[in-house]
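Enquirer: Dropping the sequence and predicted coords here.
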Amino acid sequence: MGRRRTGPTEVVRAMVYERDGGACVRCGALEGLTIHHRVNRGMGGAREPWINQAHNLLTACTMCNGWFEDNPRESYEAGWKVRRPQLPGEVLVRYPDGSEYGLTPDGVRATTVAAAR
Ligand SMILES: [Zn+2]
């Protein structure tokens, strides 16, 4: 029986937190933060290596984390959620500054790309 790893490593969590300025990507809250998966884990999804990589993860407060699930349409529009078969690196994310950024697996938040749909 091996150890089951179901979430991102501490290194990745720290990378995501730093990339997002230690604030919720939707409301900017600095407290009660958790890690949100843009493409949900589930149904074997955890076997895909990118599921727990930085570009699939966002810093979110627990309130917004629930909001994403309750408001999927807005969440997909803002890139807070990503719908398969799209990949997290292909969808820009809206941040509280109103800009949209592309994310990479190594924790970079790329400069704004204007309406790259
Ligand atoms: Zn929030």
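Expert: Ah, there it is. Note that this is a predicted model, so its numbers are computed, not measured. Numbers count the residues shown, from 1 in each chain.
Enquirer: So what's the gap between the one helix or strand in the chain whose mean pLDDT sits lowest and the chain middle?
Expert: Taking mean pLDDT, DSSP states H and E as the measure, the chain has strand 100-101 as its least confident helix or strand, at a mean of 94. Strand 100-101 has its C-alpha centroid displaced from the chain centroid by 12 Å (CA atoms, centre = their mean, to the nearest Å).
Enquirer: Now do that strand: which elements does it pack against?
Expert: Using 3 or more CB pairs under 8 Å, 6 or more residues apart in numbering; DSSP states H and E as the contact criterion, the secondary-structure elements in contact with strand 100-101 are strand 93-94. C-beta coordinates here come from the backbone N, C-alpha and C atoms, glycine included.
Enquirer: Packing partners of the strand it packs on?
Expert: Looks like strand 93-94 contacts strand 100-101 (3+ CB pairs under 8 Å, 6+ apart).
Enquirer: Pull up the residues of the chain that are close to the ion.
Expert: The chain comes close to the ion at residues 24, 26, 27, 29, 61, 64, as judged by CB under 5 Å from the ion.
Enquirer: How about the contacts made by the closest residue to residue 72 other than its chain neighbours?
Expert: Spatially, and ignoring its direct neighbours in sequence, residue 72 is nearest to residue 81 (6.2 Å; CB to CB, 6 or more residues apart in numbering). For residue 81, the contacting residues are 38, 39, 40, 68, 72, 75, taking CB atoms under 8 Å, 6 or more residues apart in numbering as the criterion.
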